[in-house]
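**Student:** for reference, the sequence and a predicted model appear below.
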Amino acid sequence: MSTNDAVRFDSHGVEPIPPGARDSTPWQQFWIWTGANIAPINWVLGALGVTLGLSLLETITVVAVGNLVGCAVFGLFNLMGHRTGVGQMVLGRGAFGRRGAIVPGVVQGLLTMGWVGVNTWVVLDLVLAILARMGVHGGTGLKYLVAAIIMAVQLFLALYGFYAIRTFEKYTVPITVLLMAIMTVLAVTQADPSWTATATMHGSKFTAVTQLLTAIGIGWGISWLPYSADYSRFVRVRSSGKAVFWSTALGMYVPTVWLAALGAYLSSAGGGDDPSSLVTNTFGVMAVPVLLLIMHGPVATNILNLYSCSLAALSVGIRIARWKLTLIAGVAASAVLVVFVQADSFAHAFDNWMVSILVWISPWAAIVLVDFFVVRRGRVDVSSLYRDDASPDGPVSRKALVSLGLGLVAAWSWEYGLVPATQGPIARALDNTDFSWLSGGLVAGGLYYLLTRGARSRVPADLPVASR
């Protein structure tokens, strides 16, 4: 096993990763993000377009075109980590200030912890359905056992940190991709899809397109932005920015569009929108070989959630070793999962709520993007990110927080979530359209740009790009 493949304990926290410890390659980044997105949730989201009343071709087109934008922005965020060797929540201090960045750091920490429970719960029924095909029955007890196995594996990998995550994804994802390719071939040859709309459309076609764009189009790549630099900060310094951009953007784009298209294909053939029915109804006993693939999905996703959760906690000033924070997050997520297993109705409601409150990401991301690439022109004094002068406005940047607050209002106003409280007035007035990602990003990013125009002149012209 080469040095790059070695599984060693990751002792790094939120400090800049030294050049000697940055031995990841762009290709390894591709596998990390591919693994995180080969998951049943993307089948379900792909099926959403058909459920909303769009045809199969319309659904695939919206997903493919929308992800060009979302994944391109994701690639830009990965450039931040590669240029600086710093994680995403710490990079946000440049805009929000060292203390002002506590607000998004807390939100990110809580959401990642919640996603661990949600992602594990989502696949349990599917695993039990496949086991039933094999003659293995066990009811709730078996569900707890499967959940415990998945949780133990993902917690172990996250405790070891980035190097274990990288190695796990590098060696398991290619096998997963192969199995998914076989499933795709079986779907194409066995399913009989309808290329015209099969569901009754509630509202206009334009409304359905906007809702699909938010769920699995542009919105999907945006939902991963708070994680991105946490992993690209380990990429070799000598790797080109172009290689980092394309490896991460394609690592997000390929599996997302592929699986969403597969989900839409199966749904249009009458498979419904439930993940277990989408698989078992189409593949029958042939779904048995993909049991490990299904269990791989939440592990590959949740090791990123657990790892980024610990980094978010460290970024807000909690002084505990990263592995201890990861363990705490894993225990909390396990408790959430137990509640989900006992009350599926609550789990569904919580899942809907989690999806709805992702609306905070687009205004936060727009501010960070404008600050890094426009205000600072990519020239960042990394050492300042750990001091009170991280932002020109001091420990707390009111400009950034005001921009974030108004961006959140704008995003909520044009959001049409599944939870009534997240159905904004503009969205309802305009036939339940959802442009939350666009309205939040434009208002927050545009306002921050206007408020910080004078700061651009204060960036030293001779400061190296992302200087340490």
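**Tutor:** Alright, I've got the coordinates.
**Student:** let me know the average pLDDT across stretch 148-168.
**Tutor:** The average pLDDT for stretch 148-168 rounds to 93.
**Student:** send the alpha carbons of it over as PDB?
**Tutor:** Written as PDB, here are the backbone C-alpha positions of stretch 148-168 (Å, rounded to 0.1, in the frame of the first residue of the first chain):
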ATOM      1  CA  ALA A 148     -26.600  -0.600  14.300                       C
ATOM      2  CA  ILE A 149     -24.200  -2.200  11.800                       C
ATOM      3  CA  ILE A 150     -24.400   0.800   9.400                       C
ATOM      4  CA  MET A 151     -24.000   3.300  12.200                       C
ATOM      5  CA  ALA A 152     -21.000   1.400  13.700                       C
ATOM      6  CA  VAL A 153     -19.200   1.300  10.300                       C
ATOM      7  CA  GLN A 154     -19.700   4.900   9.500                       C
ATOM      8  CA  LEU A 155     -18.800   6.100  12.900                       C
ATOM      9  CA  PHE A 156     -15.500   4.100  12.900                       C
ATOM     10  CA  LEU A 157     -14.500   5.600   9.600                       C
ATOM     11  CA  ALA A 158     -15.400   9.100  10.600                       C
ATOM     12  CA  LEU A 159     -13.400   8.700  13.900                       C
ATOM     13  CA  TYR A 160     -10.300   7.900  11.900                       C
ATOM     14  CA  GLY A 161     -10.900  11.000   9.800                       C
ATOM     15  CA  PHE A 162     -10.100  12.100   6.200                       C
ATOM     16  CA  TYR A 163      -7.400   9.400   5.400                       C
ATOM     17  CA  ALA A 164      -9.800   6.600   6.300                       C
ATOM     18  CA  ILE A 165     -12.700   8.300   4.400                       C
ATOM     19  CA  ARG A 166     -10.400   8.700   1.300                       C
ATOM     20  CA  THR A 167      -9.300   5.100   1.300                       C
ATOM     21  CA  PHE A 168     -12.800   3.700   1.900                       C
END
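**Student:** would you mark the buried spots in it?
**Tutor:** Neighbour-count burial for stretch 148-168 flags 150-151, 153-155, 157-168 (criterion: 16 or more other CB atoms under 10 Å). Placement of C-beta: from N, CA and C, glycine included.
**Student:** repeat for stretch 380-390
**Tutor:** Buried residues in stretch 380-390, defined by neighbour count with 16+ other CB under 10 Å: 380-382, 384-385, 390.
**Student:** relative to Gly70, which of those is nearest.
**Tutor:** Nearest to Gly70 among those: Val380, at 24.3 Å, using CB to CB.
**Student:** ok, how many other residues are close to Ser315?
**Tutor:** Ser315 has 27 neighbours, counted by other CB atoms under 10 Å.
**Student:** let me know the pLDDT of it.
**Tutor:** 95.
**Student:** and Pro193, which of the three is it?
**Tutor:** With DSSP: H, G, I helix; E, B strand; the rest coil as the basis, Pro193 sits in coil.
**Student:** residues touching it, list them.
**Tutor:** Residues in contact with Pro193 (CB atoms under 8 Å, 6 or more residues apart in numbering) are 56, 265-266, 268-269.
**Student:** next one: Tyr416
**Tutor:** Tyr416 makes contacts with 211, 422-424, 427-428, 432-434, 436, as judged by CB under 8 Å, 6+ apart.
**Student:** in strands, which of the buried residues of stretch 380-390 fall?
**Tutor:** In strands, judged by DSSP state E, none of the buried residues of stretch 380-390 are found.
**Student:** can you point out the buried residues in stretch 309-328?
**Tutor:** So stretch 309-328, judged by 16+ other CB under 10 Å, has buried residues 309-316, 322-323, 325-328.
**Student:** end to end on it, go ahead and measure it.
**Tutor:** The first residue of stretch 309-328 is 10 Å away from its last residue (CA to CA, to the nearest Å).
**Student:** what sits up against that stretch?
**Tutor:** Residues from elsewhere that reach stretch 309-328, judged by CB under 8 Å, 6+ apart: 9-14, 87-90, 93, 101-102, 105-106, 108-109, 112-113, 116, 155, 158-161, 226, 230, 306-307, 329.
**Student:** the same query, at a cut-off of 6 Å, please.
**Tutor:** Residues outside stretch 309-328 that contact it (CB atoms under 6 Å, 6 or more residues apart in numbering) are 13-14, 87, 89-90, 102, 105-106, 108-109, 112-113, 158-159, 230, 306, 329.
**Student:** tell me the buried residues within those.
**Tutor:** With burial judged by 16+ other CB under 10 Å, the buried subset of those is 13-14, 87, 89-90, 102, 105, 108-109, 112-113, 158-159, 230, 306, 329.
**Student:** name the nearest of those residues relative to Val50.
**Tutor:** Closest to Val50, out of all of those and judged by CB to CB, is Thr112, at 30.1 Å.
**Student:** and that closest one, that one's in a helix?
**Tutor:** Yes - assigned with three-state DSSP, Thr112 falls within a helix.
**Student:** and it, how close does it get to Pro174?
**Tutor:** Thr112 sits 26 Å away from Pro174, going by CB to CB, to the nearest Å.
**Student:** do the same with Arg387
**Tutor:** When Arg387 is compared with Pro174 (using CB to CB), they lie 43 Å apart.
**Student:** with Gly394 instead?
**Tutor:** For Gly394 relative to Pro174 (CB to CB), the value is 48 Å.
**Student:** and Thr167, by the same measure?
**Tutor:** Using CB to CB, we find Thr167 at a distance of 13 Å from Pro174.
**Student:** for Gln88, see how far away His12 is.
**Tutor:** From His12 to Gln88 the distance is 14 Å (CB to CB).
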